[in-house]
Every structure is written in C-alpha cells, then in structure tokens.
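In: next come a sequence and a model predicted from it.
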Amino acid sequence: MDLYELMSRFGAALGVGLVFGLERSWQNRDAGPGTRTAGIRTFTISGLLGGVVGALAMVSGGPMTLGGGLIVGLGFAAFVGTMALFFQEENRADETYSATSFVTAMLTFALGAYALIGDIRVAGAVAVVSAGLLAARENLHSWIKHLTWPKLRSALVLLAMSVVVLPLVPNEDIGPFGGVNPREIWIIAIVLAAI
C-alpha cells in the first residue's frame, strides 16, 4: 500500500468517526459541557483509532494472520472495555438505560479499522446509512408507535418472500418451448404482495 492510499484510508477512518460524531453531538446538543461520554471529538478520534489498529494489523501481515487478528481483536476489546465503563457511568448519572451511543462507538471503531483493512467505500456507506438511522430516531419511534400487528406481519411475510424464498427459487426456464422461469413468476408474486 503506497502513501497516498494509506492517507486516503486514514481519511476515510477519520470521516467515519466525524459522521458519527456530528450526529451524536447534534442529538445531545442541549447537554452541558462534560456531561456526555462522547461527542464529536471522541467519535472522530475513535474512528481514527480504529484506523490505526487496522494499519497495525496490516503491518503485522494482514488481519487474516494470527498477529494481525490479535491486534484487531485486542484493540477492539480494549476500546470496548474502556468505553463501556464511561457509558455505564453516564447512564447512571442520567438515570437512563440507553445503549445507542455505546453501540455507535463500537461501530465507529470497527468501521475505522475496516477502512484500513477492507473497502473504504463500504466503510463510508455503512457509516452514512447508520448515521441516517440514528438521526431518524424520532421518526422511527413515532412510526413504531403507529405500527399495527397486521402491517408488521405483512411486512415480515413480504421480507420472507424476498429475502428467504427468492434466492432459493430456480432461475432457469422449465417446460417445453422455453417454458416459464420460476424466479420471474416469484418476482411477480412479490410485486403483487407489495401492492
């Protein structure tokens, strides 16, 4: 890996942390200074720290080697252990039981590491989608409150048709004269069920 690619990957790790840090800081914008475990700076540095651990794994032969795997695993465990203590104290002080920021911190570190050892486009895309889900908190909670059991059941059936059954349906013509393609028939069934 040349210097340009290495710096690009570190930039992606930093960007992952920045995206999460902006969202988490915006959610907690009314909190006073020193009342939150992690904000924009901590999340940004957490993404960068994940990148450093990923780079150390690459120098040690790659993440799929024993040395590289140990570096990533121990780095992640140390990060999670430290952050767990801080988030636990924050929850005690706030008298809440939220795990969202803690899980986001773990994801920030992991995506920062993945930006160095994997595909930076995937790391960036997962970070943006995850931050979007975090930012849509009120909308998602409101939507869940208005969701009825028949709607949920219908959505689950549609998902099962699309994600579980569709990959199993053969994608080849069956019958005389070119016949019919079962996969195409199943896709029509999915479209009709969605309507």
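Out: Yes, it's here. Numbers count the residues shown, from 1 in each chain.

In: going forward, measure contacts and count neighbours with C-alpha atoms only.
Out: Will do.

In: mind checking pLDDT for residue 145?
Out: If you check residue 145, the pLDDT there is 89.

In: report how many residues lie close to it.
Out: 9 (other CA atoms under 10 Å).

In: distance of residue 44 relative to residue 130?
Out: 15 Å (CA to CA, to the nearest Å).

In: more neighbours: the two, which one.
Out: Regarding residue 44 and residue 130, a neighbour count based on other CA under 10 Å identifies residue 44 as having more, with 25 against 18.

In: now do the contacts for the more buried one.
Out: Neighbour list for residue 44: 14, 15, 16, 17, 18, 19, 20, 21 [criterion: CA atoms under 8 Å, 6 or more residues apart in numbering].

In: try it again at 10 Å.
Out: Applying CA atoms under 10 Å, 6 or more residues apart in numbering to residue 44 gives the contacts 13-22, 38, 105, 108-109, 112.

In: domain map for this structure?
Out: Annotated domains of the chain cover 3-145, 147-194 [automatic domain parsing].

In: so which of those domains is the most surrounded?
Out: Compared across those, domain 3-145 shows the largest average neighbour count, a mean of 18 (mean count of other CA atoms under 10 Å).

In: which residues touch the helix or strand of the chain with the lowest mean pLDDT?
Out: The weakest-scoring helix or strand in the chain, judged by mean pLDDT, DSSP states H and E, is helix 137-146 (a mean of 86). With contacts defined as CA under 10 Å, 6+ apart, helix 137-146 is touched by 27, 133, 134, 136, 147, 152.
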